[in-house]
Every structure is written in structure tokens, then in C-alpha cells.
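**Student:** Predicted model and sequence below, questions to follow.
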Amino acid sequence: MSAENTNPMGLFERYLSLWVALCIAAGVMLGVLFPKLFEVVAALEFASVNLVVAVLIWIMIYPMMVHVDFAAIKDVGKKPKGLCITLVINWLIKPFTMAALGILFFEYIFAGIVDPADAKEYIAGMILLGVAPCTAMVFVWSQLVRGDANYTLVQVSINDIIMVFAFAPLTALLLGVTEVLVPWETLLLSVVLYVVIPLLAGYLTRKFLDSSGKHQRTDAFTARLKPFSVMGLLAMVILLFGFQAQTILSQPLVIALIAIPLLIQSYGIFFLAYGWGYVWRVPFTTAAPAALIGTSNFFELAVAVAISLFGLNSGAALATVVGVLVEVPVMLSLVAFANRTRRHFA
């Protein structure tokens, strides 16, 4: 067996933190040097949806949606425990703990430090992260722990289907709890743009490519698209940090304050799901991806909706951008922990 086959990480995944860190630095630098350029990009919007952001998100999401195999869902009853962990964590626990942590920190613990109006937007951004379970990067995290790829695909497929129907109502419910006015039209438009349309396009593409009954054409197609998806991700990071460059440099304390509850949420959710899988005797190849899926966020969707609802330079958008900043190193540390504790599972 070649070294290429035994190595679960490609060049991009192996140095993911480095690429993201370089793009963060590039985004901040460009935002400071060329603020007018980012103002022009920010003005390119329709119905409160930034067109450049939309294009980049479609570039990132579409290849992942092609992976979604609706036919695989019929086999979920054979191993229900892992899916049960994923769905309970993602839809019954994670959104509410994120909202609770946001309220706890920004309405009580940080009350004397942060302006109340800004605090509500930070909470809103955190909620958007909590309500958006990961779709794109799930396959990377699952691959890094050598998880069951087919089962991960089932988990992602069912999550995406639930997201189509649950994201908008759950977001509206939790934003209402924090007394943020919810523009339903923009929220529903965002769900259609960033979930329904890419999912439908992915389904039709997969159906066309798999018409012969084999998956080789689909695998080859997504492999060709992967570089564009990576470039879309890195361009999105540059763009987001360019939009927020002035805020990041002028208010580094705010970045740290937002990161604290996000870190608590991430590690808390992982150990809850991972421990549940251990106690329930779920095989490691199912339990580890389930915990990582619950921990990771669909930050592309959260960022897009935050921009659509509150604006490019809002506190909500900043909170989702901090989520991008926090997620990659956190997830890589959890991947390392899972791999070290693999032997304790059945």
C-alpha cells in the first residue's frame, strides 16, 4: 500500500490551520490597505443578500451537496445509535446551549464591558452558528479520524434535510428569545439560497452522474471540483476578515470575549457527544464523527445569514467570523484527542 493511500489527509487538510491563518492575516491587511474596495464589494447586494458572498458560498457548498446520497438514508435503521446522537446533539441541545451561553456571557458576565445593543448582535451571531450543523467540513473531520465514510454521509444527508425545514423556525425562535427582530423574508430567502438550491443542484447532479448505477463518475466529478471549493473557502475567509478588519484591530478585546463562550460550547458539545457514544458502546468509527459533526458548525450558512439579517459590519457577522477563527484549531485539537483515545472504544 502506498504512502498516499495510508495518509488520511491531503495537502490542504494537513495544513488547514496554516492556510486559514494566512488568509485571516491577508484579509485583515487588505481590509486596512483597501477599505474602499471592500465597501464596493459590500454594496453588491440584492434583497439584503451580498452577491459576492453568495457566489463564494455556492462554490463551497455545491461539491459537498453532490456527496449527499439520499438512497443511503434507507440503511440508517441498521445502526441507529450514531444518528440518534447526531440528531439529538444538533437539534435538541446545541442550539439552546449556544443561546444560553450567549445570554449568560453577554447579558450578565460581560454586561459592564460590552454595549447592550452590540451584545444582542453578538448573541444573534452565536445563535446562527449553533443552529447551523456542519455540512461541508464534516467529511474532512470524519476522514481525519478514519470514520465510517458511508455513515457520515447518512448523518450529513439527514441533517441537511432537517435543516431545510428547521433552520428558519428554530433561528426565529431563539432570536426571539433574545428580543432580536427577525426579518422572516430575508431568513427564508437565505435558507432557499444557501441550503435548498445547493441541495437540489447536488441531488440532480448526482442523479445524472449515477445514472449508470456506479459512483465513479460522481467521485471523479467532486474530485475535480474540490480545488474550487477550497479556493472558495479561502476567498471567503479573506473577504470576511477584510470586511471586519477595522473592528478586529480596534477591538481585539471583543474578539476574545466572543471566543470564550464559543470555545466552551465547542469543547462541551464534543465531550457530551463523545462520552455518550462511549457509554452507549457505539463503535469509534461512528461515535467520533458523530461528536465532531455536533461540534462543528456550518459557518458558511451562519455567516451568510448574519450578513443578510444584520449587515456586513454588524456584531452578528463579527461573531460568526470569530466562529471561523475558532473552529479550525478547535476541531483539529479534538481530532487529535479522538485519535489518541480510539483504543478505549469497542
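**Tutor:** Structure received.

**Student:** ok, Lys81 touching Val282?
**Tutor:** Yes. The criterion here is CB atoms under 8 Å, and Lys81 meets it with Val282 at 4.9 Å. For glycine as for every other residue, the C-beta is placed from the backbone atoms N, C-alpha and C.

**Student:** Show me whatever sits in contact with both of those two.
**Tutor:** Shared contacts of Lys81 and Val282 (CB atoms under 8 Å, 6 or more residues apart in numbering): none.

**Student:** which of the two has more neighbours?
**Tutor:** Val282 (23 against 16; other CB atoms under 10 Å).

**Student:** In three-state terms, how would that one be classified?
**Tutor:** Following DSSP: H, G, I helix; E, B strand; the rest coil, Val282 is assigned to coil.

**Student:** for it, what are its contacts?
**Tutor:** Per CB under 8 Å, 6+ apart, neighbours of Val282: 81-82, 85, 290, 345-346.

**Student:** Let's see which of the residues you listed end up in helices.
**Tutor:** In helices, defined here by DSSP state H, the members of the contacts of Val282 are 81-82, 85, 290.

**Student:** quick one: what helix or strand has Cys23 in it?
**Tutor:** Assigned by DSSP states H and E, Cys23 belongs to helix 16-33.

**Student:** elements contacting that helix?
**Tutor:** Contact analysis of helix 16-33 by 3 or more CB pairs under 8 Å, 6 or more residues apart in numbering; DSSP states H and E lists helix 35-43, helix 216-243, helix 245-250, helix 315-340 as its packing neighbours.

**Student:** of these, which approaches Ala132 most closely?
**Tutor:** helix 315-340 (9.1 Å; CB to CB).

**Student:** per-residue confidence averaged over the closest one?
**Tutor:** Helix 315-340 carries an average pLDDT of 88.

**Student:** How far off centre is that helix?
**Tutor:** Here helix 315-340 is found 9 Å from its chain centre; the criterion is CA atoms, centre = their mean, to the nearest Å.

**Student:** and what of stretch 209-218?
**Tutor:** Offset of stretch 209-218 from its chain centre (CA atoms, centre = their mean): 28 Å.
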